[in-house]
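Curious how this folds, go ahead:
(one chain, ligands or ions: 2)
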Amino acid sequence: MERVYLDNNATTRLAPEALQAMLPFLTEEFGNPSSLHGQGRAPARALMAARRAVLELIGAEADSEILFTSGGTEADTTAIRSALAADPSRREIVTSTVEHAAVLALCDHLERQEGVTVHRIPVDGDGRLDIEAYRAALSPRVALVSLMWANNETGTVFPVEGLAELAHRAGALFHTDAVQAVGKVPIVLRGTEIDMLSLSAHKFHGPKGVGALWLRKGVPFQPLIRGGRQQRGHRAGTENIPGIVGLGRAAELALGGDHGAVRLLRDRLEQGILARVPKARVLGDPLDRLPNTSCVAFDFAEGEAIVMLLDRAGICVSSGAACASGAMEPSHVIRAMKVPFTAAHGAIRFSLSHWTTAAEIDRLLEVLPPIVDQLRALSPFGAEEVK
Ligand SMILES: Cc1ncc(COP(=O)(O)O)c(C=O)c1O
Ligand code: FES
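Ligands and ions are numbered 1, 2, ... in the order given. From the prediction side, this is the model:
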């Protein structure tokens, strides 16, 4: 059975072009880019080329910094800890209730163990940031604002350019976790007031375990990992050259990407579900959402059970409930949006890529409705409710 993969916000297939670009650096070109001899030359050049490709993908100035990391989590951690270390007189952070665990778990830790005050700005029922609460939280005590470009569960896009301007008025640095946005929506950092941006290769058809933190020129910086002088002392440790080359190639491919086709397929999926399944609702901002993401809540059906039954039919999706913890609890994002109890437990995330086909969407639309019917019939809340 051919598998239908609709979980591209979890991770993506490696682009064959990225694999091809990586292979020489796993074989003949094994050198250390810091070496002065010939074996280090190609890796050093490849490192610079990848840096240029990433800068181009995010529309950043050629003289700004790219720091290659082990992925999105390390980029987020570096940004947050750097901002706190850069100005010890500022001991507050502003973030949102719907960030990825890479940001939220670190903020929880900083609050509990390191005496940092954390403002977690709420969102409305569509996942949009409460701007008034955001303005109120900004003060000269805030070292850093960290707000995601796009949400991994619902795809809701935050207006980060404007949010960054507000942060600067309060003298705070602005970091954005753009792990889900890069490669899916156009990003032009030039001309914005964003100071730092995190990205991760495996979310846009690059390899896993490699990402980057972008730093605006002149932004104060303190390394997370100290040691050798690699990456101008910003991140010690011999660079993961094959991974970085794969990231660079994936960035080049993403730059030419056409997101219109993915959006059309996503809309076909949503309209198809809404037409076939009663009491289903699409979560997230109806207007400003990633083109590949759809989070649908099915009243009176358990999300985990939908995931398992779809899996048996060869279709891979994610459940908003329990995705992070493995517990039978709706995710923090669903809870933050105050999705009613009956729907919160039945949230499913469908995330497409440009490899997704119309035939795959149609297969989902055939398989899904009877699964939801079957589960609702078992629901203790009564199948009658959805008739
Ligand atoms: C919004 C967001 N931030 C950060 C991460 C973490 O990235 P990585 O898996 O590369 O550490 C993810 C991955 O799920 C994500 O979706
Ligand atoms: S964070 Fe994974 S689907 Fe919710």
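
Helices of the chain, start to end?
Here the chain has its helices, by DSSP state H, at 16-26, 41-57, 72-86, 101-114, 131-137, 160-169, 241-255, 260-276, 303-312, 332-336, 341-344, 358-378.

helices and strands of this structure: which one has the lowest mean pLDDT?
Across the helices and strands of the chain, mean confidence by mean pLDDT, DSSP states H and E is lowest for helix 341-344: a mean of 83.

Pull the number of nearby residues for the closest residue to residue 130 other than its chain neighbours.
The shortest distance from residue 130 to any non-neighbouring residue, by CB to CB, 6 or more residues apart in numbering, is to residue 122 (5.0 Å). Just so you know, the C-beta spots here come from the backbone N, C-alpha and C atoms, and that holds for glycine as well. Counted with other CB atoms under 10 Å, the neighbours of residue 122 add up to 14.

now the end-to-end length of stretch 8-19.
Looking at stretch 8-19, the gap from its leading to its trailing residue is 18 Å under the measure CA to CA, to the nearest Å.

hmm, I was thinking of stretch 63-75
Start and end residues of stretch 63-75 are separated by 19 Å (CA to CA).

residues making contact with that stretch?
Contacts of stretch 63-75 from elsewhere in the structure, counted by CB atoms under 8 Å, 6 or more residues apart in numbering, are 47, 50-51, 54-55, 78, 100, 102, 177, 179, 189, 198-203, 208-217, 219, 221, 224, 231-232, 234-235, 239-240, 243-244, 247.

residue contacts, the residue of the stretch 101-250 of the chain found nearest ligand 2?
In the stretch 101-250 of the chain, no residue comes nearer to ligand 2 than residue 153, which is 4.1 Å away by CB to the nearest ligand atom. For residue 153, the contacting residues are 9, 98, 284, 295, 320, 323, 331, 333, 334, 347, 349, taking CB under 8 Å, 6+ apart as the criterion.

didn't residue 145 look like it was pressed against residue 177?
No. If you go by CB atoms under 8 Å, residue 145 and residue 177 don't touch, sitting 11.4 Å apart.

Quick check: which ranges of the chain have low pLDDT?
Low-confidence segments of the chain (pLDDT under 70): 320-328, 381-387.

List, one by one, the residues from it near ligand 1.
71-73, 76, 100, 102, 148, 152, 177, 179-180, 200, 211 (CB under 6 Å from any ligand atom).

tell me which of those is nearest to residue 82?
Distances from the residues of the chain next to ligand 1 to residue 82 were compared by CB to CB; the smallest belongs to residue 76, at 10.8 Å.

show me what contacts the spatially closest residue to residue 81 that is not a sequence neighbour?
Residue nearest to residue 81 in three dimensions, not counting chain neighbours: residue 224, with 5.6 Å by CB to CB, 6+ apart. For residue 224, the set of contacting residues under the criterion of CB under 8 Å, 6+ apart consists of 74, 77, 78, 81, 82, 235.

For the residue nearest to residue 130, give me its contacts.
96, 97, 130, 133, 336.
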